[in-house]
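>>> Kindly return the folded structure for what I paste below:
(chains A and B)
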Amino acid sequence: MTNRMMSARLRKRGAVWIIHALLAIWLVISLLPPVMLIAASLNRTALFRSPMDLLTFRDFTLENFTQAFTRGDFWFFFTNSVIISASAVVITLVVCVPLAYGLTKISGRARAAVSFGVLAMRFIPYVVLALPLFLIFVNLGLSGSRTGLLLAHLSIHIPFATWMLVGFFDTVPQELEEAGIVDGCNPWHLFWHVSLPVVRSGVIALAILVFIISWNEYLFALFLAGNSAQPLTVGITRFLGGAEAGAEYGVIAAYAVLVIAPVILFALTANRYIVSGMTAGAVKG
Amino acid sequence: MAGVSIRNVEKTFGETQVIHGINVEIADGAFVVLVGPSGCGKSTLLRIIAGLEDVTGGQILIGGTEVNDMAPKDRDIAMVFQNYGLYPHMTVAQNMGFALKLARAETADIALRVGRAAEILNLTPLLDRFPRQLSGGQRQRVAMGRAIVRNPQVFLFDEPLSNLDAKLRVQMRAEIKELHQRLKVTTVYVTHDQIEAMTMADMIVVMHDGVVKQAGAPLELYDRPSNLFVAGFIGSPSMNFFAATVTDGALRLADGQSLQVPEGTSLAEGLQVIVGLRPEELVLSDHGLRAEVTLVEPTGAELHVGARLAGQQMTAVFRERHSLKHGQAIAMTPLPGRMHLFDPTTQTRLN
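Here you go, the predicted model:
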């Protein structure tokens, strides 16, 4: 091996080390908040002075979790969250998958107009929608109901999902559908047996995203949920406490862990689909 | 099996007419190649036969029945696409059996027919794989398998080999031709590669700008191209063309050198003609057209020589291993009876 090759190798190895070191720092920074959250949920101390206090676990306890379940009415909020998020996923897919497929089949100006309309919904900050929706829902008697909150979520999901799905369906090569036509497919077969399976992992990834967005949604829930339809994100606020009591950070942390745990478990199991969905169409099938 | 008749077919996309009244009769069991440069309308014509495009005018008949308004699946055709068009989520067997499944064939019958097709194409060990696990050549064979499983009256191929590397292309070319000889199903094959056209076809249809320039057997097109376009398109390297004037009963080139008018051809004095000389139909001789060698490329089997003649660049191909050098003066004569003469205005053949 020549000297030049050696030094090139060493330089390359040095670069790899630097990159790994930077990644490690980044990992620590991004993991610190969730680690602190978990640590806080397992400590008795009500007020935290420094992160290091937490990580020693001197006041280790599971009391915070018990509090969150009992005083926090956890299952009530949990049920609302699950019903709303799951319904949002099902309805979004049932509406948007055929809608997006149809959009990729219509041509030129019509498609551009509909696509713009769909995307334009994304220009509006949710908070702007919250008040009008509240007034509409009050008039329709939907205020404070799961149905109302679900409808509000769908007003966000449907444009977003349609836009994503049009992108997915656009990656299906025209030739594939033509092969289907020659093989004897009718339009329904083309959709169900040819195009949809090709974008399947993208659809699954989208379903997960929709679920997570609904699960974590707070603003609409605050305006529209009333007392009977509050999801977990609102439920957590009851431990923020009043002026004299002060916020119960330990319980809040425990509650937060319980809120994010299902999503994290869900995302970990579905990780495969999220990644392959993001790269769908990157390589020709 | 059935023949295909293309009668006065026209096709317009918006304002643009891409096919201008084409007539081709394809005999039952023939292997017909549609060839031409990109944009000549050959793929559109194939897609019209398949039913993936409507005709603007004219008629398509398959086996004597007009199919203009029939859906592709009712035309009894099968098509092999350029990028294979395999369903990525189905195994090889499922890909091949999909059409039968849609036609509600019995599961056992599907398995039997897929198995038989797989055997013909040596795909049996691959039946449970997915397209992404196959090489380009294997995918191509699966696409062909999908076509033959249906036992159609006509096979349509749309540039099926253009995604393969050179070596595999030659191999698949032979496989497709062998398959045709074995099954004897009428085949329409589109390519821009004139070598593919020459080697595979019973009949070549040369297209350019939406019209048929010439249709005929490969050697007929090679030996007697009926116009300048076909003369230049068929053959590799392409034919050399020289402008000439009939002077004193001979063909005088731009630099004053002259060639004898071929026997059996009479041309009026003063007539402008274009002389076509195939590179491989020239021989070195002591007398003849004098040229200066500019490039020598030995390929082993042949010697490709670039030269300047009558103020323009030309190519000659010799089977013999002449020792030639850059700048050397040589003289060449066309083989007897192998000169092609064209009218410069109508571009049609004169002899």
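
>>> tell me which element the nearest residue to residue A:37 once chain neighbours are set aside falls in.
With sequence-adjacent residues excluded and distances taken as C-beta to C-beta, 6 or more residues apart in numbering or on different chains, residue A:37 is closest to residue A:253, at 5.3 Å. From N, CA and C alone the C-beta is placed, and that goes for glycine too. Assigned by DSSP states H and E, residue A:253 falls within helix A:249-278.

>>> Repeat that for residue B:157.
Element membership of residue B:157, judged by DSSP H and E, is strand B:154-158.

>>> Show me which residues of the helix or strand following that strand are buried.
With elements assigned by DSSP H and E, the helix or strand that comes after strand B:154-158 is helix B:166-183. Taking 16 or more other C-beta atoms under 10 Å in any protein chain shown as the basis for neighbour counts, the residues of helix B:166-183 that come out buried are B:169, B:172-173, B:175-177, B:179-180.

>>> Could you dump the residues you listed into a markdown table with distance to residue B:50 and pLDDT added?
As requested, the buried residues of helix B:166-183 are exported to a markdown table (distance: C-beta to C-beta, whole Å; pLDDT from 0 to 100):
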| residue | distance to residue B:50 | pLDDT |
| --- | --- | --- |
| B:169 | 23 | 89 |
| B:172 | 21 | 89 |
| B:173 | 22 | 91 |
| B:175 | 22 | 89 |
| B:176 | 17 | 91 |
| B:177 | 21 | 92 |
| B:179 | 19 | 90 |
| B:180 | 18 | 93 |
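
>>> Near chain A, which residues of the stretch 201-350 of chain B? Just list them.
Along the stretch 201-350 of chain B, not a single residue is adjacent to chain A under the rule C-beta under 8 Å from any C-beta of the partner chain.

>>> mean confidence score for the helix holding residue A:253?
Along helix A:249-278, the predicted confidence averages to a pLDDT of 79.

>>> Residue 17: how many residues sit nearby?
All of this is about chain A. As a burial measure, residue A:17 scores 10 neighbours (other C-beta atoms under 10 Å in any protein chain shown).

>>> Actually, chain B is the one I wanted.
Taking other C-beta under 10 Å as the neighbour definition, residue B:17 ends up with a count of 16.

>>> That one belongs to a strand, doesn't it?
Yes. According to DSSP: H, G, I helix; E, B strand; the rest coil, the state of residue B:17 is that of a strand.

>>> Tell me the spacing between it and chain A.
Relative to chain A, residue B:17 is positioned 20 Å away (C-beta to the nearest C-beta, to the nearest Å).

>>> Check whether that residue really touches residue B:10, as I assumed.
Yes. Judged on C-beta atoms under 8 Å, residue B:17 makes contact with residue B:10 at a distance of 6.8 Å.

>>> shared neighbours of those two, anything?
Counting by C-beta atoms under 8 Å, 6 or more residues apart in numbering or on different chains, the shared contacts of residue B:17 and residue B:10 are residue B:56.

>>> Just want the most central residue of chain A.
When chain A is reduced to its mean C-alpha position, the nearest residue by C-alpha atoms, centre = their mean turns out to be residue A:212, at 2.7 Å.

>>> That one contacts residue A:263, correct?
Yes. Shown here, residue A:212 and residue A:263 form a contact pair, counting by C-beta under 8 Å, at 5.6 Å.

>>> what helices or strands is the lowest-mean-pLDDT helix or strand in chain B leaning on?
Across the helices and strands of chain B, mean confidence by mean pLDDT, DSSP states H and E is lowest for strand B:258-260: a mean of 87. Using 3 or more C-beta pairs under 8 Å, 6 or more residues apart in numbering or on different chains; DSSP states H and E as the contact test, the elements touching strand B:258-260 are strand B:240-247, strand B:250-253.

>>> Can you give the strand pairings for it, parallel or anti for each?
Strands that pair with strand B:258-260, judged by DSSP bridges, come out as strand B:250-253 (antiparallel).

>>> In the strand it pairs with, which residues are buried?
Result for strand B:250-253 [16+ other C-beta under 10 Å]: buried residues B:251-253.

>>> so is residue B:93 in a helix, a strand, or just coil?
In three-state terms, and counting by three-state DSSP, residue B:93 is helix.

>>> what does the model give it for pLDDT?
Here, the pLDDT recorded for residue B:93 equals 95.

>>> Residue B:127 is in contact with that one, correct?
Yes. Between residue B:93 and residue B:127 a contact is recorded at 4.2 Å, counting by C-beta under 8 Å.

>>> the more surrounded of those two?
residue B:93 (23 against 19).

>>> And the more buried one, how far from chain A?
Distance check for residue B:93 against chain A: by C-beta to the nearest C-beta, it reads 14 Å.

>>> which residues sit in contact with that residue?
Applying C-beta under 8 Å, 6+ apart, we find residue B:93 in contact with B:111, B:114, B:118, B:127-128.

>>> and with 6 Å instead?
By C-beta atoms under 6 Å, 6 or more residues apart in numbering or on different chains, the contact list for residue B:93 reads B:114, B:127.

>>> sorry, back to before: tell me the one of the buried residues of strand B:250-253 nearest residue B:60?
The nearest member of the buried residues of strand B:250-253 to residue B:60, counting by C-beta to C-beta, is residue B:251 at 44.4 Å.

>>> Enumerate the beta-bridge partners assigned to the closest one.
On the basis of DSSP bridges, residue B:251 takes part in beta bridges with residue B:246, residue B:259.

>>> quick one: contacts for whichever residue of the stretch 251-351 of chain B sits closest to chain A?
Ranking the residues of the stretch 251-351 of chain B by distance to chain A (C-beta to the nearest C-beta) places residue B:299 first, at 34.7 Å. Taking C-beta under 6 Å, 6+ apart as the criterion, residue B:299 is in contact with no other residue.

>>> Residue 238 - nearest residue in space that isn't next to it in sequence?
No chain in the question, so chain A it is. Closest residue in space to residue A:238, ignoring its immediate chain neighbours: residue A:72 at 6.9 Å, by C-beta to C-beta, 6+ apart.

>>> that's the wrong chain, I meant chain B
Nearest residue to residue B:238 in three dimensions, chain neighbours excluded: residue B:232, at 5.2 Å (C-beta to C-beta, 6+ apart).
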